[in-house]
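Trainee: Below: sequence and its predicted model.
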Amino acid sequence: MTVGYVDGSAFIRRLALPGERGTRIDIGQFDRLVSSELIQIEAARKLDRLGLAGVLSGAEVARLRLDAIEVLALFDLVTIDELVVARAQQSLGSPLASLDAIHFATLQLWQERNLAARVIVVTHDNELAEAAQKNGYPVLGVPS
Amino acid sequence: MSDQIGIAQLRAEISRHVQAASRGQRVTILDRGRPVAQLVPYQEQPPITIRRAKGTPREAEAILRKLPSLSAARRAKIAAALDDIERFERKR
């Protein structure tokens, strides 16, 4: 089973930049999509900020929020519970900011419970990509 | 209690060391005298909570592919704004 672990930076680009070459990772190629429930907040906040900055219209923000909800219903979303919070506080071996640490902790906890799954990390974030690669995960979506 | 053994010895006596670990003993594995790994008793992992997907990745991709395409200029503007937002987030 090949699993795509998708973070907010990659998801928002598929959502807000339809068709853009280089950012279009085909998430249909995976057997399963996994993320932290954090991705829902990341998507909503980024859409809100794109609207507030005048880059997206109010109607576009509203439509994309609905699309985000519809697509994320097709993901396995891991709850940010005490296990995730505890793991995200540990040294993760890479200089990760708080949101990246929540994603990376979630990825590790999920993988530990699904040892046979091959996980590919889909992110546009260089720090998360580096942490994932250091731990042996293939990465898609980082800017070249 | 912890035992230290080399890789060659582990290979030769793997069943004995796995049994020892299953009884609660930690076995430290040495590579040229340097500790590199541990054989530890298996512990059931506490469960994580997951809201399960209501459909497949292909369905997710199909929804994303139906989104209206944008002009190159608009895409560039949105991409630049996203980069700015994320630069700001990384500072926090």
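Mentor: All right, it came through fine.
Trainee: Please report phi then psi for the residue in chain B positioned nearest to chain A.
Mentor: Residue nearest to chain A within chain B: B:Glu61 (3.1 Å; CB to the nearest CB). To be clear about C-beta, it is placed using only N, CA and C from the backbone, and glycine gets the same treatment. Backbone torsions for B:Glu61, taken as degrees, to the nearest 10, come to phi -60, psi -40.
Trainee: any idea how far it is from A:Phe11?
Mentor: The spacing between B:Glu61 and A:Phe11, counted by CB to CB, to the nearest Å, is 12 Å.
Trainee: out of those two, which sits in the busier spot?
Mentor: A:Phe11 (29 against 21; other CB atoms under 10 Å in any protein chain shown).
Trainee: next one: the one helix or strand the more buried one maps to to chain centre, how far?
Mentor: Assigned by DSSP states H and E, A:Phe11 belongs to helix A:8-16. Relative to the centre of its chain, helix A:8-16 is centred 8 Å away, using CA atoms, centre = their mean, to the nearest Å.
Trainee: now do stretch A:44-59
Mentor: Counting by CA atoms, centre = their mean, stretch A:44-59 comes out at 19 Å from the chain centroid.
Trainee: Pull out the C-alpha coordinates of it and format them as CSV.
Mentor: This file holds the C-alpha atoms of stretch A:44-59, laid out as CSV (Å, rounded to 0.1, in the frame of the first residue of the first chain):
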residue,chain,number,x,y,z
ALA,A,44,-9.1,27.5,5.9
ARG,A,45,-6.6,30.1,7.2
LYS,A,46,-4.7,30.3,4.0
LEU,A,47,-7.8,30.8,1.9
ASP,A,48,-9.0,33.4,4.4
ARG,A,49,-5.7,35.3,4.1
LEU,A,50,-5.7,35.1,0.3
GLY,A,51,-9.2,36.7,0.5
LEU,A,52,-8.1,39.4,3.0
ALA,A,53,-5.1,40.2,0.8
GLY,A,54,-7.5,40.7,-2.2
VAL,A,55,-5.8,37.9,-4.1
LEU,A,56,-9.0,35.8,-4.1
SER,A,57,-12.6,37.2,-4.2
GLY,A,58,-15.0,36.5,-1.4
ALA,A,59,-16.9,34.1,-3.8
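Trainee: tell me which parts of chain B are close to chain A?
Mentor: B:45-65, B:67-70, B:75, B:77-79, B:81-82, B:85-86, B:89-90, B:92 (CB under 8 Å from any CB of the partner chain).
Trainee: So which residues make contact with the longest helix seen in chain B?
Mentor: For chain B, the longest helix by residue count, based on DSSP state H, is helix B:72-90. With CB atoms under 8 Å, 6 or more residues apart in numbering or on different chains as the test, helix B:72-90 has contacts from A:9, A:12-13, A:16-17, A:19-20, A:23, A:46, A:49-50, A:53, A:55-56, A:97, A:99, A:124-125, A:127, B:70.
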